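Undergrad: Sequence plus the predicted model coming up.
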Amino acid sequence: MEFTWNEDTIDYFAELHDLNGWAHVAQRVLSFVTHECDLEDGETTQELFNNLIVKIEDKVIKEEEEWIEAKLQEKQHHHKTHPIYFL
């Protein structure tokens, strides 16, 4: 099943991951889907949990890739403007 999540929810948990890691995020997501979400049409808490964790993981990976790319660009720019000379 595919679920639609509020982008702010995904952002919140992605930020929580940056601060506290996956174990804490998993606990908080489980609490969130158990206590804050309403199940519809045979949905299960496990399905909501799995789907939201994947969305958060996708966001975290995207942010990490963007950070790495920015660092690589920064490094390339640095080498172009500050050449290294070998003696």
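TA: Received it, and whenever you're ready, just let me know what you need.
Undergrad: what's the offset of stretch 59-74 from the middle of its chain?
TA: Using CA atoms, centre = their mean, to the nearest Å, the mean C-alpha position of stretch 59-74 is found 12 Å from that of the whole chain.
Undergrad: for the helix ranked longest in the chain, packing partners?
TA: Secondary structure of the chain per DSSP state H: the longest helix is helix 45-81. Taking 3 or more CB pairs under 8 Å, 6 or more residues apart in numbering; DSSP states H and E as contact, the helices and strands that helix 45-81 lies on are helix 7-20, helix 22-35. Where you see a C-beta, it was placed from the backbone N, CA and C, and this is true even at glycine.
Undergrad: Let's test this: mean pLDDT of the last one, rounded?
TA: So the one you mean is helix 22-35. Helix 22-35 comes out with an average pLDDT of 97.
Undergrad: buried residues in it?
TA: Going by neighbour count (16 or more other CB atoms under 10 Å), the buried part of helix 22-35 is V25, V29, L30, F32, V33.
Undergrad: Going by distance to V54, which of those wins?
TA: V29 (10.7 Å; CB to CB).
Undergrad: Surely the closest one and Q46 touch.
TA: No - shown here, V29 and Q46 do not form a contact pair, counting by CB atoms under 8 Å, at 11.5 Å.
Undergrad: for this protein, which spans come out with low pLDDT?
TA: Applying pLDDT under 70 to the chain picks out residues 77-87.
Undergrad: Nearest the geometric middle of it, what residue?
TA: Most central in the chain under CA atoms, centre = their mean is V60, positioned 2.4 Å from the mean C-alpha point.
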